[in-house]
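> How does the following fold in three dimensions:
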Amino acid sequence: MNPSSPAPKKSKPFRFVPYLIGAGLVILLALGLRPRPAPVETAPVIAGPLRATVSEEGKTRIRQRYVVSSPVTGQLRRVPFKPGAEITPDAVLALIEPMAASPLDTRSRALAEARRDSAVASLEKARTAHTLAVNELQRVEKMFTDKTVSPQDFDNAQMRETAAAREVVAAEGVLRSAVAELAVATPAAVPSLVEVRSPVAGRVLHVFQESERPVTAGTALLDVGDPSDLEVVIELLSRDGAALTPGTRVELEQWGGSKPLDARVRLVEPAAFTKISALGVEEQRVNVVADITTPLADRLTLGDNFRVEARVIVWESDKVLKVPVSSLFRRGSNWSAYIIRDSRAVLVPVQPGRTSGMETQVLEGLKEGDEVILYPGDRVHDGDRVQPIKVVQ
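Residues are numbered from 1 along each chain as shown. The predicted model follows:
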């Protein structure tokens, strides 16, 4: 080897490391700046039962209730019944002692006797005048027949006879009034007690007059009825009531029992009424009357005027294609939904049908097994990458 020749260069195995590190940083930076998939909640499109309902508050009431009133004016004896007491038909509910007329004092009696005597004298005078008028009319009538008096004299005689007859009638009325007034002064027999009886078997609902006290004719004493014969009154919006027909199913919830009660619509009243809602909005409502079909043994504690939550089943089906309501939204005048295909959101038009409030029937646009995005809002667009984070079953 020539000592003067240059030494060979040594290879540098790590000279490409900076380039590799730089390329890795570029790749990491590109991955970091790449849009991340939007996290979304999803739910599957399934086939199952669905029903459309209308829920409103209602209250129970006895179908036939009776307000028992006093038939006479008098002194009411204490009512022995309390609310809830059982009664039988024709049971005595109350006793009333009719009020007797107050007798006249000495001075009033003397005045009444004087008016009676005066009325008798006036009647005798009127009868005498009438007799004279009749006799005069007979004479004038005979003379008129012989044509010895004028027609005017005959008419005057007839008028006097008619006036005298009316005077007799008036005097007889005054005499009857005076005799009736004087009869009050005569002590009358003590009236017997009047029994107020129950018109129906059932229970006492309210006792309006419990203590002994004077009452007038027509005063309400008790409210009675049969609590086992109940119906439910539901105030629905008039547009919802107009869609109902007799026989529509109703479920009564939150009445105090563990199971809902079954009922059927019997009547939608023909007249609606205006009611102010809690928000101050005028609403047209109508009373819907439903009969409870659940056996009495399962609702013994339910009584009159109790609150219930009524769920009227407007429509139902055992198997329909359905999705959660939160997956549908308006796009222009049509309904749409986002489904997931290849980890991307795809916008599809949807034709919805009936809704239960939580789920909606799908008529067109989706098929069973599709995954729909819930609450898409403005963060999801057609074609965006998405990542499901929760599946609602």
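
> quick one: buried residues of the host helix or strand of residue 350?
Using DSSP states H and E, residue 350 sits within strand 344-355. Under the neighbour-count criterion of 16 or more other Cβ atoms under 10 Å, strand 344-355 has 345, 346, 350, 352, 353, 354, 355 buried. (Each C-beta comes from the backbone N, C-alpha and C, glycine too.)

> In this structure the third one contacts residue 364, no?
Put plainly, it is residue 350. Yes - the pair residue 350 / residue 364 is scored as a contact, 7.1 Å apart, by Cβ atoms under 8 Å.

> which two in the buried residues of strand 344-355 are spaced the farthest apart?
Longest distance between any two of the buried residues of strand 344-355 is 26.4 Å, between 345 and 354; criterion Cβ to Cβ.

> Quick check: which ranges of the stretch 1-150 of the chain have low pLDDT?
Within the stretch 1-150 of the chain, the stretches with pLDDT under 70 are 1-17, 19, 29-35, 100-105.

> again, only this time at 50
Scanning the stretch 1-150 of the chain for pLDDT under 50 picks out 1.

> Just the helices from it, written as ranges.
17-33, 106-145 (DSSP state H, counting those that start in this stretch).

> Tell me which of those is the most buried.
Mean neighbours per residue, mean count of other Cβ atoms under 10 Å, is largest over the helices of the stretch 1-150 of the chain for helix 106-145, with a mean of 15.

> same for it, what does it pack against?
Secondary-structure packing of helix 106-145 (3 or more Cβ pairs under 8 Å, 6 or more residues apart in numbering; DSSP states H and E): helix 151-183.

> what mean pLDDT would you report for the helix it packs on?
For helix 151-183, mean pLDDT is 86.

> following it, which helix or strand shows up next?
Reading on from helix 151-183 to the C-terminus, the next helix or strand found by DSSP H and E is strand 194-197.

> burial count for residue 241?
For residue 241, the count of nearby residues is 22 (other Cβ atoms under 10 Å).

> now do residue 308
Neighbours of residue 308 using other Cβ under 10 Å come to 25.

> which neighbours does the helix or strand hosting it have in its sheet, and in what orientation?
Taking DSSP H and E as the criterion, residue 308 maps to strand 307-324. Neighbouring strands of strand 307-324 in its sheet, by DSSP bridges, are strand 46-62 (antiparallel), strand 249-253 (antiparallel), strand 359-364 (antiparallel).

> Figure out which of the ones you listed is closest to residue 73.
With Cβ to Cβ as the measure, strand 46-62 is the member of the strands paired with strand 307-324 nearest residue 73 (29.3 Å).

> I'd say residue 288 and residue 270 touch.
No - with contact defined as Cβ under 8 Å, residue 288 does not reach residue 270; the gap is 11.7 Å.

> between those two, which one's more packed in?
More neighbours surround residue 288 than the other of residue 288 and residue 270, with 25 against 6 (other Cβ under 10 Å).

> Leaving out sequence neighbours, find the closest residue to the more buried one.
residue 234 (4.5 Å; Cβ to Cβ, 6 or more residues apart in numbering).

> Quick check: phi and psi at that neighbour.
As for residue 234, its main-chain torsions (degrees, to the nearest 10) stand at phi -120, psi 130.

> now it: how far from residue 251?
In this view, residue 234 and residue 251 are 11 Å apart by Cβ to Cβ, to the nearest Å.

> who touches both of those two?
Common neighbours of residue 234 and residue 251, using Cβ atoms under 8 Å, 6 or more residues apart in numbering, are residue 310.

> The two - which one has more neighbours?
residue 234 (29 against 17).

> The more buried one against residue 55, yeah?
No - judged on Cβ under 8 Å, residue 234 makes no contact with residue 55 at a distance of 9.6 Å.

> what residues are shared contacts of the two?
By Cβ under 8 Å, 6+ apart, the residues touching both residue 234 and residue 55 are 310, 312.

> residues near residue 50, how many?
Neighbour tally, residue 50, other Cβ under 10 Å: 21.

> what about the residue nearest to residue 49 when sequence neighbours are not counted, neighbour count?
Nearest non-adjacent residue to residue 49, counting by Cβ to Cβ, 6+ apart: residue 318, 5.2 Å away. For residue 318, the neighbour count with other Cβ under 10 Å is 9.
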